[in-house]
Structure formats: structure tokens, C-alpha cells
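Enquirer: sequence and predicted structure below; questions after.
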Amino acid sequence: MATLNADGVKALKTGKAFTDAYGNQWHSVTLTAQIPNQVTAQQQQLWTEAAQLKDRSCSVCHAAPVPTQMSVNAWPSVVKSMGGRTDLTQAQLQLLTSYYQYNAIHK
Amino acid sequence: MQNFSRRDFIKGVGLTACGLTISSLIPVTSFAEGMPGRSIINAAHWGPLIVKVNEQGIQSSTGALPSNMPNALQLVVHDQVYTQARVQYPMVRKGYLANPEQPDGNRGNDEFVRVSWQQALELIHQHHMRIRKKYGNESIYAGSYGWRSSGVLHQAQTLLSRYMGMAGGYSSHFGDYSTGAAQVIMPYVVGSIAVYDQQTAFPVVLESSDVVVIWGANPLNTLRIAWTSSDESGLAFFNELKKTNKKILVIDPLRNETADFFGDKAQWIAPIPNTDVAMMLGIAYHMVKHNLHDKAFLKKYTVGYTKFEQYLLGKSDGIAKTPQWAAEICQVPASQLEQLAELFCKNRTMLMAGWGMQRQQYGEQRHWMLVTLAAMVGQIGLAGGGFGLSYHYANGGNPTRIAGVLPTISPVINKATAGANNWDMGGALNTIPVGSIIEALEHPGEEYQNNGAIKKWPNIKMIWWAGGSPFTHNQNLNRLIKAWQKPELIVVSDPYWASTTRYADIVLPITTSYERDDMTMTGDYSNQNIVPMQKIVEPLFESRNDMDVFADLAELLVKNGRQIYRENKTDIQWLQEFYNRAKKMADAQGVHMPDFEHFWVKHEILTMKWNPKSAKFVTYESFRQDPMMNSLGTESGLIEIFSETIASYHYDDCPGHPTWLVPTEWQQNHNPNMLHLITSHAADRLHSQLNYSRLRKQYAIADREPIIIHPDDAKAHEIESGDLVCVSNSRGKILTGALVTDGIKQGTVCVHEGAWLNMDKQHDICKNGNCNVLTSDIPTSRLANGCAPNSSLVVIEKYTGPELTMDAFTPPKGAMMMSIHQ
């Protein structure tokens, strides 16, 4: 949901590294920054809204999938491919993707 | 298969009266051709329709889109409305009505009693509430599944969920019968479902592919239908493909309609069923031995190839998967497998795969191996190369239009619009793999493995089925009939006395889509059209819309429930709202849609805007261009030929890379007298839909579902074309009519799925030839728990028993009220 510019990358504090089953190295990172836009203090509100989008648009052709049905990596392409059949906007699809990813298996 | 001509159809209809009122709400355009009366636009899965009506009712129907490819399904709207198989009145099983808490008799083995709508709904409400209170919300199974009628408003299953949600929640399903295995394995392999993703566009295939392989698919048959409504572009595409000089291969145990269509222009290759993985391994082995495989592609875009190659070459298990090894298994000559390897690697090759091959035990392996093969060829992401898993379905490949898309009725009530902020909605509380309904009924509360997790079967005490028929699409129906006796109440709402309806306690007569107002998109991938579906005739007998039935039941749940359920909107107001949302989306993209009033009154089909960019779409193109920035949704971001995640589940029925696993029920490890049964989709039906129609006269043999038998097998069993054939195994018996032809692999028989169940209780045989009496209901594996009907063996013999009258389309005892005959 956020991207970093060059300054942002510099501001990252890199923590411990680990290697996954595929040989890729991952680092945990910390970032302290200010967000100029309004943000919500409660994530739950976002997920409630996302779940409503899911109920409205993801059971048109099939039973609405539950987040644990797919991996965190798979949800973006699944939502993208399926989203073309709905009237959801790009922003709504993004929210839906985040909802599925945050609640997916293999976080 | 012979096509039904328009002339035959009109001749057959007759012009006798049936005393129907015709909707006069809508001024309609008159079409010049044909008989006097009006022509009304409607739509079904088989495409937008023009239906002609006069004072006597529906006279004829035909496709409404310009098309040069015939589609017989479009011609029988008349039969859909007037068939004797219609449910006319609310009905209750006699033994249930007498004592709802301790019913007498068996479901499916009782007569029915007519009741009033009020009586039926009060009876449902009373016992629904009692069961829900006693056993909890999870005990209510509302996971109805099936090809309910097209339309964005009158969606039977969604409307059922909406009501059951209002009542506190329910158990439901996940996955589907079509792609149960593939849709679960593909996200691990390519990071998306793939089976329902848009395909490389038709124009790209026509321009760039040299070789088109139609593997286990029958597009000329299955493209007659689509999930929303067919945009009919797929049949036209294959017609164009036929005109080119491309090399076309059809790989299928059956010389299907597609092979027939291409005739001399295609090569038919027939492996025996269940052996596709072995066949592909043989091809892959040749690629490696002759250094044909694209090592640069495998290195840059895939993970796990090395482990797979060790298996392929026999280094990990001691068995080299040579073409000779594969040929023994799939019964396609080794030299032909070698030629295929050369052909695929030396030409731009598109592998179009169907789904029947994954409706088999270990079905997950099929498309995983196909993607692996395509990765070895190295053309994934190139124009006209790679693989596509949806060219045979819903016109995948028709470029996506710039479009307004109709939203649909939701299973969840919008509390704000409904004025019901204090009303708590429940949703799907427990979900089961859709093909596991028997397991769920037999093992309530027990644990099972699914996709790396442990789940628990709900304790189902009430089932409501709407818009579908498990007695058509589920496997091992005799086992289902037994398990189906366990719940305390089963309600079926349906227009017809179809297979499942007969096994209900309470039956509610529902309108067909020609007796109500609705709308639909066409093109599941293309969003090509918006089609009005206007009421053509008033509902027959006492049939009602699902929407009105559930709204009435909602009123019994809570005061003002009817308005809450409907969110204070009439049907036409719902349609207007959906339309306006689509229009807003269209407006934002510069696509013109008229006002709703104009659209509805003019009742014309709207066509969305062609998108030249979509017409150049190539699947995985952006991934190929930059696999880091456009990584796939897999664990590694690359195509996974070996999946660490799947391997970590330690499932012996779904190991970490594509593997040839010998099916439990397979000819080479059984009595050679047994034949492989395949249960492909029928050309002249949509699953069980239209089985009663006049199209049946064209395909039924001896008034039964045909069984397609190879001449050698027919000879060995002393069977000739036209004979009655008893097909059986340990699970049951069906009666079929023999069609002897060399258009099927020796050792394999085909009985198309979708014949209505018609059990003769005394002889324990299905008189109409429903193949799912015989199919095995094992899951594909613990990964996906998909259905696996195509891993079943059968015995055939000429039927010499007592004469058994086929009465699948005659309503059960007590339910035959009035003759509908025209």
C-alpha cells in the first residue's frame, strides 16, 4: 500500500536477514516517517469496508472466497484477473487485494 | 452430432393454444421475418435470444447476435417454458407433511401432495427455525451450486444466501466441479487461478501461432454456453482458425465435435484416459535428450526445474520417463510423442487445455505438467505461444472491451438502504469443498485435510438447494441418495422436476428466466454486451420468482423483513440501479450507454467499445519482459516447477513437482474386461439443462442417453448400435443406448454427463443413463479435494432384462396436475 522513493529507502533501518526455501534473502526493516495525508487509526474499518466489497462483488459467479484460500502472493493476480468482471474501481480493487493479503495463509 | 435446423424446429412447435397471458408492459420492436406477433430479447447461457410470441404463447426462438455458427440450444425456449417436467405448484412429500419432525418414508421414494404457497412457506419457516435453534447456524447448508439461469437480479443461489444470512448464517461451499483441482494448484504454479483468466487474444493466435494443440478440450461443444451469456465469439474464432493453414492437433480419447469440425485439417491423437501426465513426460524426455528444451527460459523464469529433471530422467526414482515408457501407459506410439516434442519446440505452439483431464484422481498434476511442458518449450509470454486453460470456456480469448459492467444482487443486505441497521447478518460460517457433500453428510464434526490445512465438516441438518442439481453433478449418486436421507429437512426450489427436486421434502415452483425481468452481460472475459432479459410470458401455474419467495420468508423472520430483504426496491428499481452503476463506469471511460428508460423501452442489445490494446493481449507477456517487476503471485515470483510449499504438506497424493501417479481405478491394474468411463459435456445440453427438450430426440438412442463404444469393445460384448446397454460397476447400474463408432479410443466408453436421474427402485438402475451413478467420488487429492469422475471403470453388457419405461421427465406421483401440452 506504500512505495518508497530514494530518501525513503535511505531511511530504512535494516534488521536481521534470513534466507527462504528458494534461496532468496529477506531483511526485516523499520521505517520512521510522517504521512501527510489523513489516515485511519483503526485497520478494522478498512477491512469491514473491504469485506462489504467482497460480499457485493465476489459472489457473483461463485461463492465468495475466504482469504485463507490463497497465499499472500497469489491474491493480487487473482483479484486483478477476477476484478475485470466487476464494476469495482482500481482503488476498491486495491483495498480488496490488501484485505485478502492481510488475512491470507502463509503471511 | 447432427444439428437441429430452424425449419425442423418451427415445424415441430405446432400452433395449438395454451391459454397464456402475454406481458403487455413493454412496447416491443417487431421483427419483419416470420409469423405475426412480437419478438422479445432475452438471454440464456447459450447467448442472447430473440423469442417470438403471439397470443398462444412462445412460438420460436433463435440467437440474437449475428453469427454464422449454429447453436441448437437457442432454439428450444418453447420447451423450457412448456415442458411437462415443470413444477406447477408448491409440493410437500407425503411422509414429511404427515409428520415433519419424524417423517415417514424416504426422500426420492414417496409421493407428493399439493399445498398452498402460504402453507409451504409457513412449514419451511417453522422447521427452519426449529432446526437452526436446535443445532446452530452451521447446520443449515445453503451452499447451492450449479448453473442457475443467467441474469444479474434473479440469481437463485445469491438470493438464497441473502435469506439465510438474514436468518443468522449458514454453511456453504468453495471451489467448483469444473476446475476443482486446477484452480487450487495453479496459484502455486503460476500465481493465479489461470483457468478463469483471460487468454492470449484470438487475433494474436490467428496471427502468430503455427501449431494449436487442443488438449482434452472440446470448444466446438462447450463454447455453445458461457457463465453469464455467450458472446458467441469463440465458435467464430475456431471457424477462422479452421480457415488458416496452421497445424491443429486434437488430443482426446474421444473424437469429439471439435475434431469432427476440423476434419482433415486436424490430427486426432487418442491417449487412454488419465494418462496425460505420462504422455507429457514422454514428450518432455525427448526434448531433454535432444536438447530441444529452452534452458535460458527455465533458468530465468522458473524454479525447481532441476529437481523435476532428475525425476524425468529417472535419477530420483530409477525410472526414465522415455517416450517408450510413456507409450506403454498412454497407448500413443513413442514415435508420435517424439514428433510432438519436435513440433512443439520448433514452431510457435499454443497449448489449449481443457478441464476434463483434471476431473480425475490426482487431477492437480495435469495442468502442472502442462505448464512445465510449456516452460520447457520456452514460449510462455510470447505472442501465440505458451498455454491457455480457458479457450474452451466462456469465449476466453475474446478481447476485453472498454465497458460498463453490470453489478449483481448481493448475498449481503446493505443495511443502510434496507433501513435495517439493527439487523445482524450472518454469512458463510463453514465452507466445504463443493464436491464433498457426501463426506460432509456422512462425517459431521470430523476433521479432514485440505490445501495444507485441517478443516472440520459441519453438522448439516437442513439443506436448501436453489438453481442447481447435485443429483446431476455429484459423483456416486447411490451413495448420495443414502447420505441425503440424514438431514431433517430438504427444500428444493426449481422450475423443473429435475434429478434433485425429486429428492426433496418441500418443492417450490420457480419461474424460468422467460417469466421475469432481468438483464445480463455477455462474455465472461470480454464484457462485450449488455442484454435486456424481458419477461416474455406470465409465470406458468403458481411459479414465482426466487426473489419474491425469499422476501416472503424474510417477512416471517422479522416484521418488515420483506422490505429489508428487497432493500425497499422493486425488480425494475434494482435493474435500474445496476444499470446506472454500469453506465457510470462506462461514462468514466467515454463509452456511451443510453439512459435506463431508453434502454429498457427500446430493449436493444448494447455493444461495448472495442479495445485495440486488448486485441493484442498476450498472457505472461509483462512477466517475460520483466520477471522482477512483474513477478507472478507464487512464493518465488516465478513459475514453480517444484513447489516448496506443496512439498511441505507431505501429501503422497500431491508431491512437490508434477508426477505420474497411477490411478487406483485404472484399466492396466484391473480386470481387462473393465472399460474406462469418461463423462464429457454433452453438445445438446448445458449439463442437465434441456435434457427434456426436443433436442433429445436427435441424440438419444433407444430413448436413453447414448454410450459411445469402440467397435472392438462392442464386438467383444456382442453389442450393436441401437442396443440397450447396461453399464455397471460396484457403485451402480445405468441403462444406455449403444452408439458404436471408431471415434473413441478402444477400451474407453463415453456417457455424457447431464442425463436426469431416473432410478428404477425394483431393479436399482437409472433408466435414463445418468453417468454419475457409476462415477467414483474420491477427491483429486488432499490438496484440492476436487471431484474425480473421470477415474472410473465400468462393465458393459447388452441389456436383456424386463422392459423399463424411461420416465425421467414425468413428474413424480401426486405432482402431475395439468397437462401443459401445446
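Expert: Good, I have the coordinates.
Enquirer: contacts and neighbour counts: CA atoms only from here.
Expert: Noted.
Enquirer: residue of chain B closest to chain A, please.
Expert: B:G633 (4.0 Å; C-alpha to the nearest C-alpha).
Enquirer: give the contact list for that residue.
Expert: Residues near B:G633 by C-alpha atoms under 8 Å, 6 or more residues apart in numbering or on different chains: A:73-77, B:187, B:190-192.
Enquirer: can I get the residues you listed in CSV with secondary structure and pLDDT?
Expert: Formatted as CSV, the contacts of B:G633 follow (DSSP: H, G, I helix; E, B strand; the rest coil; pLDDT from 0 to 100):
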residue, secondary structure, pLDDT
A:N73, coil, 90
A:A74, coil, 92
A:W75, helix, 94
A:P76, helix, 93
A:S77, helix, 92
B:P187, helix, 97
B:V190, coil, 98
B:G191, coil, 96
B:S192, coil, 95
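Enquirer: quick check, nearest of those to B:K315?
Expert: Nearest to B:K315 out of these is B:V190 (C-alpha to C-alpha; 26.0 Å).
Enquirer: in stretch B:722-739, what's buried?
Expert: For stretch B:722-739, the neighbour count (16 or more other C-alpha atoms under 10 Å in any protein chain shown) marks B:722-729, B:731-739 as buried.
Enquirer: mind checking pLDDT for B:D8?
Expert: Predicted confidence (pLDDT) for B:D8: 37.
Enquirer: how about A:C58?
Expert: 88.
Enquirer: give the full set of residues in contact with the residue nearest to it when sequence neighbours are not counted.
Expert: The shortest distance from A:C58 to any non-neighbouring residue, by C-alpha to C-alpha, 6 or more residues apart in numbering or on different chains, is to A:A64 (5.0 Å). For A:A64, the contacting residues are A:54-55, A:58, B:174, by C-alpha under 8 Å, 6+ apart.
Enquirer: what do you get if the cut-off is 10 Å, keeping everything else the same?
Expert: Listed by C-alpha atoms under 10 Å, 6 or more residues apart in numbering or on different chains, the contact set of A:A64 reads A:54-58, B:172-175, B:411, B:428.
Enquirer: among those, which pair sits farthest apart?
Expert: Within the contacts of A:A64 (distances taken as C-alpha to C-alpha), the two that end up farthest apart are A:R56 and B:G175, at 18.3 Å.
Enquirer: who has more neighbours out of these two?
Expert: A count of neighbours by other C-alpha atoms under 10 Å in any protein chain shown puts B:G175 above the other of A:R56 and B:G175, at 24 against 21.
Enquirer: so B:L508 lies in a strand, does it not?
Expert: Yes. Under DSSP: H, G, I helix; E, B strand; the rest coil, B:L508 sits within a strand.
Enquirer: poorly predicted segments of chain B, please.
Expert: Filtered on pLDDT under 70, chain B yields the residue ranges B:1-36, B:421-423, B:818-822.
Enquirer: thinking again about what came up before, got the contacts of A:A64 as JSON lines, with distance to B:I490 and secondary structure columns?
Expert: As requested, those are exported to JSON lines (distance: C-alpha to C-alpha, whole Å; DSSP: H, G, I helix; E, B strand; the rest coil):
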{"residue": "A:K54", "distance to B:I490": "29", "secondary structure": "helix"}
{"residue": "A:D55", "distance to B:I490": "26", "secondary structure": "helix"}
{"residue": "A:R56", "distance to B:I490": "27", "secondary structure": "helix"}
{"residue": "A:S57", "distance to B:I490": "29", "secondary structure": "helix"}
{"residue": "A:C58", "distance to B:I490": "27", "secondary structure": "coil"}
{"residue": "B:S172", "distance to B:I490": "15", "secondary structure": "strand"}
{"residue": "B:H173", "distance to B:I490": "17", "secondary structure": "strand"}
{"residue": "B:F174", "distance to B:I490": "21", "secondary structure": "strand"}
{"residue": "B:G175", "distance to B:I490": "23", "secondary structure": "coil"}
{"residue": "B:P411", "distance to B:I490": "21", "secondary structure": "coil"}
{"residue": "B:A428", "distance to B:I490": "18", "secondary structure": "strand"}
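Enquirer: may I ask which of those has the most neighbours?
Expert: Of those, with other C-alpha under 10 Å as the count, B:P411 tops at 26 neighbours.
Enquirer: I figured that residue hits B:Y170, correct?
Expert: No. Contact criterion C-alpha atoms under 10 Å: B:P411 and B:Y170 do not qualify, at 11.8 Å.
Enquirer: list residues touching both of those two?
Expert: Common neighbours of B:P411 and B:Y170 (C-alpha under 10 Å, 6+ apart) are B:161, B:163-164, B:427.
Enquirer: where does chain A dip in pLDDT?
Expert: For chain A, the stretches with pLDDT under 70 are A:1-2, A:105-107.
Enquirer: now do the strands in it.
Expert: For chain A, applying DSSP state E gives strands covering A:13-19, A:25-30.
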